[in-house]
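In: here is my input, please return the structure:
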Amino acid sequence: MRTDSSPGNLPAREHLPAGSAGTPVLDVVIPVYNEEKDLQPCVVRLHEHLKRTFPYAFRITVADNASTDTTPQVAARLESEIPEVRSFRLEQKGRGRALRTVWSASDAPILAYMDVDLSTDLNALLPLVAPLISGHSDLAIGSRLARSSRVVRGAKREFISRTYNLILRGSLQARFSDAQCGFKAIRRDVAQVLLPLIEDTGWFFDTEMLVLAERAGLRIHEVPVDWVDDPNSTVHIVKTATDDLKGVWRVGRALATGSLPLDRLGRPFGDDPRDRDLTDVPKNLARQLVGFCVVGALSTLFYLLLYSAFRSFSGSQIANALALLVSAVANTAANRRLTFGVRGRGSAVRHQAQGLVVFGIGLALTSGSLAALNAATSSPAHSTELAVLIAANLAATVLRFLLFRAWVFPDRRDETAPSTVVASHNPASSAYSTTAAHQQHQHQGPQHYQHQPLPQRPGPTAPQAPYINHDHNQTTEFRAAEAADRTWGDATMQLQAVRPHDHDPRDARDAR
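Out: The predicted structure is shown next:
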């Protein structure tokens, strides 16, 4: 699991403004490997659908994953015949590698992908990307498991899909319903900071992206889809399932150890401009209350068990002090990790020391309650002692949460200068760069992502924005957060543009 620092906090979501520009709004990527038969019908059908239903400029990018058949030639021919189609060649296999490379280099504000078999009904494409264009959501996925979805597939694949999603819910606490449907979209500003954290380059790429996005608090929109299984699918189910389970273990371990800077992917409170001016809005209050109550209930049970054990060989005051001391240490450690999300060993000793002060307040409340009970009756029943201790602990719990939140584990994220995302595009060289600029000696507010005006779909004579270099003697240069060869950081990757080598006039007539 990658532990690189994220380029910076995400700005508030904005509706992409309407206007006219040469940059497409939507870039639909179709990753392919040895799909010479299905590629042309897929691209032609998708292009006709977008031309008829999508109101803004778009691009279709064929990402070839080291195909060994005539897929590159088919892709190049489609690029030469259809203005909105681009071809892209990778010399390494891996759907995740293809998506990460093309998405990192694309200039479109909305990035999507779909499988070449077009199992998903294309009528769901506009509902998929609309929440991203409007600024409502960060990612969008098609779901075959939603109640209103209509799915035609065999019992074997149905069982595998539902079992896999149950595993994700049980192990990674995933709340999205369908991780592997080949029909997803993401905003480009989100992709710039999320993609560097994703390690997988194969089929688990989708799941890892969704889990990290959900854990970071990003908004995922689900669209029910109509889906018909492709009986000729070349996916190796056993190998894919094995790799997915390995990925679940890797991501779960990274999340448990806190090695991912997911807090830097958070959005500001609300998307209403009035919300951004609020400075005293409690952050994560609901989640912290739930976590604190769960930890508190378990700690109270642990405390009562300890008290009953110590009470068998000591007095009530000594048993109460020992039980409260042991449970307080465990309670502070659990709240530190689970409730307030503090990871690592830094300041752990200080937090425990502050927790002991809170323990002292709880000890005073419970000991005072026991002293009052003993003053009222000389030999109280054991059940009466437990009832008094429960009431005293409830009173101490409220004060403990307030002290933990305001003193022991305060939210200090606003005290440090956030890093910013700087994305630049050089039209002359067709190179895209993403860099992380960290302020070290001065405090500077977060830089908001500036969207280009939302372009209308150009007419047949409108010039197209350069995407693939068409010079036979040159290559297309991509500068992205990560190159496909797993080199992370500010790396430049040279990729040879795909050229048509085989042109059949009959295929041209078929494409028309």
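
In: list the contacts of the closest residue in space to residue 63 that isn't next to it in sequence.
Out: Nearest non-adjacent residue to residue 63, counting by C-beta to C-beta, 6 or more residues apart in numbering: residue 98, 4.0 Å away. To be clear about C-beta, it is placed using only N, CA and C from the backbone, and glycine gets the same treatment. Residue 98 makes contact with 29, 31, 63, 64, 65, 88, 90, 484 under the criterion C-beta atoms under 8 Å, 6 or more residues apart in numbering.

In: just checking, what packs against the helix or strand encompassing the fourth one?
Out: What it means is residue 64. Element membership of residue 64 [criterion: DSSP states H and E] is strand 58-65. Judged by 3 or more C-beta pairs under 8 Å, 6 or more residues apart in numbering; DSSP states H and E, strand 58-65 is in contact with strand 26-32, helix 39-53, helix 71-81, strand 85-90, helix 95-105.

In: make CSV out of these and add distance to residue 392.
Out: Listed next are the helices and strands packed on strand 58-65 as CSV, based on distance: least, C-beta to C-beta, whole Å:
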stretch, distance to residue 392
strand 26-32, 61
helix 39-53, 66
helix 71-81, 72
strand 85-90, 65
helix 95-105, 54
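
In: any chance of those in JSON lines, plus mean pLDDT?
Out: Below are the helices and strands packed on strand 58-65 laid out as JSON lines (pLDDT from 0 to 100):
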{"stretch": "strand 26-32", "mean pLDDT": "95"}
{"stretch": "helix 39-53", "mean pLDDT": "94"}
{"stretch": "helix 71-81", "mean pLDDT": "94"}
{"stretch": "strand 85-90", "mean pLDDT": "93"}
{"stretch": "helix 95-105", "mean pLDDT": "92"}
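
In: out of those, which is closest to residue 251?
Out: helix 95-105 (13.2 Å; C-beta to C-beta).

In: report the angle between that closest one and strand 26-32.
Out: 150 degrees (axes from the mean of the first three to the mean of the last three C-alpha atoms, to 10 degrees).

In: report the next helix or strand after helix 95-105 in sequence order.
Out: strand 110-114.

In: which strands or helices does the helix or strand just after that next one pack on?
Out: Going down the chain from strand 110-114, the next helix or strand is helix 125-134, by DSSP H and E. Applying 3+ C-beta pairs under 8 Å, 6+ apart, one finds that helix 125-134 makes contact with helix 39-53, strand 110-114, strand 139-143, strand 183-187, strand 220-224.

In: run the last query once more with 6 Å
Out: strand 139-143, strand 183-187, strand 220-224 (3 or more C-beta pairs under 6 Å, 6 or more residues apart in numbering; DSSP states H and E).

In: so of these, which one's packed in deepest?
Out: Stretch with highest mean neighbour count among these: strand 183-187 (a mean of 26; mean count of other C-beta atoms under 10 Å).

In: partner strands of that one, parallel or antiparallel?
Out: strand 110-114 (antiparallel), strand 139-143 (antiparallel) (DSSP bridges).

In: what residues does the first one touch?
Out: Right, the one you point to is strand 110-114. 25-29, 99, 103, 129, 132, 182-183, 185-186, 188, 191 (C-beta atoms under 6 Å, 6 or more residues apart in numbering).

In: what are the buried residues along that strand?
Out: Buried residues in strand 110-114, defined by neighbour count with 16 or more other C-beta atoms under 10 Å: 110, 111, 112, 113, 114.

In: residue 126 versus the first one, what's the distance?
Out: Using C-beta to C-beta, to the nearest Å, one gets 11 Å for the distance from residue 110 to residue 126.

In: the fourth one now?
Out: Residue 113 sits at a distance of 16 Å from residue 126 (criterion: C-beta to C-beta).

In: same thing with the last one?
Out: Using C-beta to C-beta, residue 114 is found at 13 Å from residue 126.

In: average pLDDT across the helix or strand containing residue 208?
Out: Assigned by DSSP H and E, residue 208 belongs to helix 205-215. Mean pLDDT, helix 205-215: 91.

In: fine, thanks again, bye for now.
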